[in-house]
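Undergrad: Predicted structure and sequence below. I'll ask about it afterward.
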Amino acid sequence: MVGIVIVSHSVKIAEGVKELALQMARKDQLIIAAGGTDTGDIGSDPMKIQAAIEAADKGDGVAVFADLGSAVMSVGLAKEMIDPQLAQRVCLANAPIVEGAIAGAVEAAMGSPLEKVLETAYGARNMEKQ
Amino acid sequence: MVGIVIVSHSVKIAEGVKELALQMARKDQLIIAAGGTDTGDIGSDPMKIQAAIEAADKGDGVAVFADLGSAVMSVGLAKEMIDPQLAQRVCLANAPIVEGAIAGAVEAAMGSPLEKVLETAYGARNMEKQ
Amino acid sequence: MTTAKEALRVVGQAVIDKKSYLTDLDQAIGDGDHGINMARGFESVFKKIAVLDDNIDLTTLLKTVGMGLISSVGGAAGPLYGTAFLRASGVCAGKTEIDAVTAKAMLDAAIKGIQDRGKAKKGEKTMLDALIPASEAMDIAIKAGKTEVECLADAVQAAQKGVEYTKTIIATKGRASYLAERSIGHQDPGATSSTVMLEALYNYLE
Amino acid sequence: MTTAKEALRVVGQAVIDKKSYLTDLDQAIGDGDHGINMARGFESVFKKIAVLDDNIDLTTLLKTVGMGLISSVGGAAGPLYGTAFLRASGVCAGKTEIDAVTAKAMLDAAIKGIQDRGKAKKGEKTMLDALIPASEAMDIAIKAGKTEVECLADAVQAAQKGVEYTKTIIATKGRASYLAERSIGHQDPGATSSTVMLEALYNYLE
Ligand SMILES: Nc1ncnc2c1ncn2[C@@H]1O[C@H](COP(=O)(O)OP(=O)(O)O)[C@@H](O)[C@H]1O
Ligand SMILES: Nc1ncnc2c1ncn2[C@@H]1O[C@H](COP(=O)(O)OP(=O)(O)O)[C@@H](O)[C@H]1O
Ligand SMILES: [Mg+2]
Ligand SMILES: [Mg+2]
Ligand SMILES: [Mg+2]
Ligand SMILES: [Mg+2]
């Protein structure tokens, strides 16, 4: 099963997204929140992200969701720091963090491969709100 | 100045989005988090949303951000419950909750009108993450 | 004699009794809370109607139910059923007796409210797939000159069929839509709770 | 005699001294934390290098700086400067003396790292608008046969001009890009911190 990592500048957002996504996915779906800096302040922490990715991978890869540009950069750096073998099956989703992670987590929980999880997450960009 | 209301199923997400958005907007930008049910559980509460909208309006209208379909419905209902005059200047943004609210809050803080705030928020749908 | 308040208690209790069944259905294709949401909703409603007069008129009663559900359900069913009860309440204003035609008008107003709120049509695997067939069956029954209770019986049967039908279709609205084709084979929790309510009303009136 | 460790202390201290200035700049067009981020970063770096030998080689030192910034800055500047220091560290591996050519190669590796990380080009109102002109000026100075310190002086001047230039352009990367045209008139915090570092290095070596 593809693992999910949530990288937000905010600890609260990362944890909230995890909770919401877990409600809709199977309870054994791996979703790891990597929000905030190492001190829990607003920001992002490549080391925390690295550890989250390593914990989220069970062999089928990891879909990472990030909120803002600097979280995206921290994910890029984390990918450089992890084992290159693992890095090959880690992908940052080009999707909104809340809507994308929820859709992606449901897809992952169905046992879909990483590509499909990323595609579904991308589709969440166009989720209509009216 | 256009007010911002954040409607998430999760109290944590709503509060986290408020914190992130406030960091980038002027500190006097009105941003109100209306997350979770009346008991703070996961869900949405039309009454809480109604109160948030009323508090966020200073005459220039309110841009509301919601995460999932049921939050969208709760916003629709809240709009029916508020004063019709006010309801006319309340709009649900067709945008991802985190990315849209941050972009929208920055736009609102610059003194832009509701239409422009909504347009900017809509643009956040296409925020590239790679 | 039947009272509106008594009927409502029976309907609400039926939903509360099905709490874990509805939750299990929602577990399969949603977030596993529909029974919890609906039970919390009707328990809150029960508290609100407890203070009302035993012979309270149907309009006030349904308005209280609608507002109660809206403020307590928490999930999609809150604004949906809440709007439905409020709209039905509007239709029976001033009436002391509810005949089949009025009953159908109330059901149609409820359906319209659900559609205004959730933008769904028939065939999207929602509560509408129980309620719209129920309304259609009532229409036929009324035209066939059936009694009020007979009309309701036909409505219940159509709703039950509608629930079965939801097993065969893909969800395109609500949380179950995240599952796309994988939602096939599972019946919709909201269609089920709608049918539970109609059944309970029928059992009470019959 | 100059040591790498001493030079680094001077550079880091200069950034720490500008903490509130950098934060004010970021307040105008970002989230008001660049000075705080950078000061926290270099304070963390200082703790890490305190345990290193006074004559530690430049490669190890820069690697320590890079990792230290990555793990402590928290904002965009963390992965950006962190990558920059790591890449520069790779270039000087095995060298005991840093001549102008090596210095420029280190700067270019740093720039490349920042671009790999942040996907920005010159003219997007970022730290690159100080660093790329600095590299270009160094190139010209080297070709003109200037000394190492003279080359660095030219680099500093170009970076300072670059900072001025950032006042005239629209941010299209980073948080300031949310402001679009409204970012005009404000200088970029990251371009400023880059220049502060170059200035401090020049003052130390001169
Ligand atoms: N847009 C909609 N239109 C009509 N009914 C809907 C819609 N979205 C969801 N529903 C109904 O709501 C039910 C789920 O209710 P519930 O579990 O209480 O809410 P949530 O999905 O927010 O957890 C579904 O089974 C479906 O019948
Ligand atoms: N994509 C990028 N490429 C290069 N530099 C960037 C990029 N994004 C931001 N920056 C630089 O980072 C600086 C802001 O750093 P900082 O305030 O520490 O981070 P944050 O924006 O996450 O709060 C900007 O002034 C800019 O120079
Ligand atoms: Mg549910
Ligand atoms: Mg729910
Ligand atoms: Mg900043
Ligand atoms: Mg920041």
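TA: It's in. Numbering: from 1, shown residues only, chains lettered A, B, ... in the order given. Ligands and ions are numbered 1, 2, ... in the order given.
Undergrad: How about the residue in chain C that chain B sits nearest to, nearest residue that isn't a chain neighbour?
TA: The nearest approach of chain C to chain B comes at C:Gly74, 2.9 Å away (CB to the nearest CB). The way it works is simple: take the backbone N, C-alpha and C, and place the C-beta from them, glycine included. Sequence neighbours aside, B:Gly43 is the residue nearest to C:Gly74 in space, at 2.9 Å (criterion: CB to CB, 6 or more residues apart in numbering or on different chains).
Undergrad: Tell me which helix or strand the most centrally placed residue in chain C sits in.
TA: The centroid of chain C falls nearest to C:Ser194 when counting by CA atoms, centre = their mean (3.4 Å). The secondary structure element spanning C:Ser194 is helix C:189-205 (assigned by DSSP states H and E).
Undergrad: next one: A:Ala63
TA: For A:Ala63, the host element (DSSP H and E) is strand A:62-66.
Undergrad: next one: C:Ala171
TA: Following DSSP H and E, there is no helix or strand that holds C:Ala171.
Undergrad: Just confirm it contacts C:Ile29, I think it does.
TA: Yes - using CB atoms under 8 Å, C:Ala171 is in contact with C:Ile29, at 6.6 Å.
Undergrad: Spit out the residues that contact those two alike.
TA: Counting by CB atoms under 8 Å, 6 or more residues apart in numbering or on different chains, the common neighbours of C:Ala171 and C:Ile29 are C:Leu179, C:Ser183, C:Asp188.
Undergrad: Next up, the contacts around the last one.
TA: To tie it back to what came earlier, the one meant is C:Asp188. Contacts for C:Asp188 (CB under 8 Å, 6+ apart) come out as C:Leu25, C:Ile29, C:Lys125, C:Thr126, C:Met127, C:Asp129, C:Ala130, C:Val163, C:Thr166, C:Ala171, C:Ala176.
Undergrad: In helices only, show me those.
TA: Under the assignment DSSP state H, those contribute C:Leu25, C:Ile29, C:Asp129, C:Ala130, C:Val163, C:Thr166 to helices.
Undergrad: quick one: C:Ala28 from ligand 2, how far?
TA: Separation of C:Ala28 from ligand 2 (CB to the nearest ligand atom, to the nearest Å): 42 Å.
Undergrad: Also C:Lys19?
TA: Separation of C:Lys19 from ligand 2 (CB to the nearest ligand atom): 47 Å.
Undergrad: Please apply the same query to C:Leu25.
TA: C:Leu25 is 45 Å from ligand 2, by CB to the nearest ligand atom.
Undergrad: what residues does chain A put near chain B?
TA: Contacts of chain A with chain B, taken as CB under 8 Å from any CB of the partner chain, map to A:8-17, A:19-20, A:23, A:35, A:42, A:66-68, A:72, A:92-100, A:102, A:124-130.
Undergrad: Run a quick neighbour tally on C:Ile142.
TA: Residues near C:Ile142, counting by other CB atoms under 10 Å in any protein chain shown, number 18.
Undergrad: Am I right that it is in contact with C:Thr102?
TA: No - C:Ile142 lies out of contact with C:Thr102 (CB under 8 Å); the separation is 10.6 Å.
Undergrad: so what sits against both of these two?
TA: With contacts defined as CB under 8 Å, 6+ apart, no residue is shared by C:Ile142 and C:Thr102.
Undergrad: for chain A, what spans make up the strands?
TA: A:3-7, A:31-33, A:62-66, A:90-92 (DSSP state E).
Undergrad: I am finished for the moment; much appreciated.
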